[in-house]
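S.K.: sharing a model prediction with you, sequence too.
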Amino acid sequence: MRKVLIANRGEIAVRVIRTLREMGIGAIAVYSDADRTSLHVRMADEAEHIGPAASAESYLRIDKILAAAKKHGADAIHPGYGFLSENADFAAACEDAGIVFIGPSSDSIRRMGSKTAARQTAIAAGAPVVPGIDHGATLEEVRAFSAEHGFPILLKAVAGGGGKGMRRVNRDAELDAAFRDAASEAERAFRSAEIYVEKLVERPRHIEIQVLGDQHGNMVHLGERECSIQRRHQKVIEESPSPLIAAHPEMRHEMGEAAVRAARAVGYYNAGTVEFLVDQDRRFYFLEMNTRLQVEHPITELVTGLDLVRLQVEIAAGGRLPFDQSQVTWSGSAIECRIYAEDPYNHFLPYPGKLTRLTRPLGPGIRLDGCVYEGWTVPMEYDPLLAKLAVWTGSREESVDRMLRALREYDVGGIRTNIGFFRQILEDFEFRKGHLHTGFIDEFFARTPPPEAPPELRAVAALAAAIHATRRTDIAAPVAASASSRWLSEGRGGLLR
Amino acid sequence: MKLALSIDSSPERMDLLAPAPKTRFRLGDGPELCADVEMPEPGVYSVLIDGRSYEARVEETPAALVVVIDGQRFEIEVRDPRRLTRKGAGGAADGVQTVAAPMPGKVVRVLAAAGDAVEAGQGLLVVEAMKMQNEMKSPRAGKVLSLSAKEGATVTAGEVLATIG
């Protein structure tokens, strides 16, 4: 392979470019109007504009991306995650155009794409699933199911994802309204009102298995990632090994085997992730398969020493897996925090805007996969992920300490981020004990008072603000945006004279 | 120099007794403190008090100064009492309330116009960022004194979108 086009943006496009460069392969970026000055465009060898900021008009346009690939002579396309990465039509269009799709076949994507079809595949492959009706169900069928298995139950959209069309139902009296709401939400979000039902697993852990297979029938698993710390059904902290599996090492093998069986059942190759729920009795249930590189893949890379993007490219080019299961080893403990432009103390509302300051954590055992720089404006059109901060040490306890240290060094100005919130979580007693479940953040907010600043920090903050403000002649006037440049040109004014 | 501050909406007095770099100051009824203050980078203050090292990062927003120390965030307004004008005290007494954008985004719908009578909690406009819609509601019953936002307009965090009186 000589050239690869990355059909994505943000930190994952930057991540892929880095490995391509190490492999001596040319990197082609695509960008929308909102991303002309984004880091992936600046770092790539070649770049092509593909349309307006709205992703439906740019990053989701198969025709424009294929045209860019042909124009620039790309041998292959890396889809990243999100956007078109799990779109079977896109993979098929690449296959038809004679461009290698760096991922599984369009057939595998299709068979794992529908949650209910994936569930049936998992059952056939002998992977345990949560009791449920695995096809679009009527209200009467759901009622009969809950009579048999009991409440609580979870209604989900057949075509769904991201929590849309999902409803928890605690008792029969809530069922009618919940079913109606879930169906109409699913209809709006996915243009399909079909709803299926599962028994709700209380306080589950989310633990997933990374699998990797070549096109010659070889497949291995690369162990687990625990992703139980979520907000709005989206992971924000991931770690490997899972604290649960560290205490019960036989589970890695059992879950790994189940994941490989499910992936093999759809003729899977390239990198993929099989997600499981694990209940309080350590029983695990197949949830779904993500047929792409996962956001949190760096922690697997840190504990296995592998470069998953390099392996993806080699496998897509027809290469064989360079190792078998017995040669996969795991060492130490890795944790990742997803740094978002959002306000954790205001319902995690997105907080795009201009980055006025940026200090990155450095030093031992730090890995930062980001796409931001000082002066860049976080666009409001896309997911506000700024960077993934990952750390590695020999043990979970030390990795938590290292992450706290790294978060202390991390300063982002001009926008709000969840950095301070992560520090609270990582200092939490329950987190440090490894008592994780997907409702952790909600419970954390319920039992933890809002952070209160120590009085000496308050005094220092007041002093800094007073000095900053009184350097201007009229401190009662609204603060002008140009004040800092005026400061620089006048030198030290006011009290700092 | 005596200053009136508001730290995260609670009022405080500050006495600046000696200028930087060897500052002496007192916050409220707290002890008098000596601080060595330097600004190694624009907007970044290195403060040494009793041998302890702090780094304060000050950012200017339309509403206030945002100061971040060790991950702690403070919103601070600074006023010199000698220069206080009618404006400083007048607003609250009249009960005029402002509605500001909680996040940067785009105005997708305008639900009221200047001159309209509104109820407390009534939606005034809808701001969207990253596909999340946020309805801005009136903080009190009264009349919309100003509402200049137009559909499709981009707004910044803290930007005043409407005033209600």
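M.R.: Now that the structure is in, tell me what you want to look at. All of these numbers come straight from a predicted model, not from anything done at the bench.

S.K.: for stretch A:368-385, which positions count as buried?
M.R.: A:368-372, A:376-385 (16 or more other C-beta atoms under 10 Å in any protein chain shown). All C-beta atoms are positioned from the backbone trio N, CA, C, and that covers glycine.

S.K.: which neighbouring elements make contact with the host helix or strand of A:Y31?
M.R.: Assessed by DSSP states H and E, A:Y31 sits inside strand A:26-32. Using 3 or more C-beta pairs under 8 Å, 6 or more residues apart in numbering or on different chains; DSSP states H and E as the contact test, the elements touching strand A:26-32 are strand A:3-6, helix A:10-23, helix A:39-43, strand A:46-51, helix A:62-71.

S.K.: which one of the ones you listed lies nearest to chain B?
M.R.: helix A:10-23 (12.6 Å; C-beta to the nearest C-beta).

S.K.: what ranges of the stretch 301-450 of chain A fall below the confidence cut-off?
M.R.: For the stretch 301-450 of chain A, not a single residue meets the criterion pLDDT under 70.

S.K.: please redo it, this time with the cut-off set to 80
M.R.: Applying pLDDT under 80 to the stretch 301-450 of chain A picks out residues A:450.

S.K.: and chain B, by the same measure?
M.R.: Low-confidence segments of chain B (pLDDT under 80): B:20, B:62-63, B:80-96, B:102-103, B:129-134, B:157-158.

S.K.: how does it divide into domains?
M.R.: Following automatic domain parsing, one finds the domains of chain B at B:2-83, B:91-164.

S.K.: so what's the residue in chain B sticking out farthest from the centre up against?
M.R.: Most distant from the centre of chain B: B:G51, at 31.3 Å, with distances by C-alpha atoms, centre = their mean. B:G51 makes contact with no residue under the criterion C-beta atoms under 8 Å, 6 or more residues apart in numbering or on different chains.

S.K.: and the gap between it and B:D36?
M.R.: 10 Å (C-beta to C-beta, to the nearest Å).

S.K.: show me how far stretch A:282-291 is from its chain's centre.
M.R.: Relative to the mean C-alpha coordinate of its chain, stretch A:282-291 is positioned 16 Å out (C-alpha atoms, centre = their mean, to the nearest Å).

S.K.: what does that stretch contact?
M.R.: Taking C-beta under 8 Å, 6+ apart as the rule, stretch A:282-291 contacts A:81, A:85-86, A:103-104, A:108-109, A:112-113, A:115, A:118-119, A:122, A:127-130, A:201, A:206-208, A:244, A:248, A:251, A:254-255, A:258, A:262-263, A:266, A:268, A:272-279.

S.K.: these, buried ones only, as a ChimeraX selection?
M.R.: Burial among the contacts of stretch A:282-291 is assessed by 16+ other C-beta under 10 Å; the matching ChimeraX selection reads:
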select /A:81,85,86,103,104,108,109,112,113,115,118,119,122,127,128,129,130,201,206,207,208,244,251,255,258,262,263,266,268,272,273,274,275,276,277,278
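
S.K.: out of the contacts of stretch A:282-291, which are inside strands?
M.R.: Using DSSP state E, the subset of the contacts of stretch A:282-291 located in strands is A:206-208, A:272-278.

S.K.: does A:G365 touch A:R405 like I think?
M.R.: No: counting by C-beta atoms under 8 Å, A:G365 does not reach A:R405; the two are 9.6 Å apart.

S.K.: which single residue in the stretch 101-250 of chain A comes nearest to chain B?
M.R.: Here the stretch 101-250 of chain A gets closest to chain B at one residue, A:R232, 9.7 Å apart by C-beta to the nearest C-beta.

S.K.: residues near the residue in the stretch 251-400 of chain A that chain B sits nearest to, how many?
M.R.: Taking C-beta to the nearest C-beta, chain B has its nearest neighbour within the stretch 251-400 of chain A at A:P350, 4.0 Å off. Other residues lying near A:P350 total 25 when counted by other C-beta atoms under 10 Å in any protein chain shown.

S.K.: can you count the residues close to the closest residue to it other than its chain neighbours?
M.R.: In space, A:P350 comes closest to B:M130 once its chain neighbours are excluded; the distance is 4.0 Å by C-beta to C-beta, 6 or more residues apart in numbering or on different chains. Per other C-beta under 10 Å, the neighbour tally for B:M130 reads 19.

S.K.: ditto for A:E187
M.R.: The number of residues packed near A:E187 is 16, by other C-beta under 10 Å.

S.K.: wait, isn't it in contact with A:D181?
M.R.: No: A:E187 lies out of contact with A:D181 (C-beta under 8 Å); the separation is 10.7 Å.

S.K.: so how many other residues sit close to residue 19?
M.R.: Here I'm looking at chain A. With other C-beta under 10 Å as criterion, A:T19 counts 19.

S.K.: switch to chain B, please.
M.R.: With neighbours defined by other C-beta under 10 Å, the count for B:P19 comes to 16.

S.K.: quick check: nearest residue in space to A:G420, chain neighbours excluded?
M.R.: Excluding its sequence neighbours, the residue lying closest to A:G420 (C-beta to C-beta, 6+ apart) is B:G71, at 4.3 Å.

S.K.: quick check: phi and psi at that neighbour.
M.R.: Backbone torsions of B:G71, given as degrees, to the nearest 10, read phi 80, psi -10.
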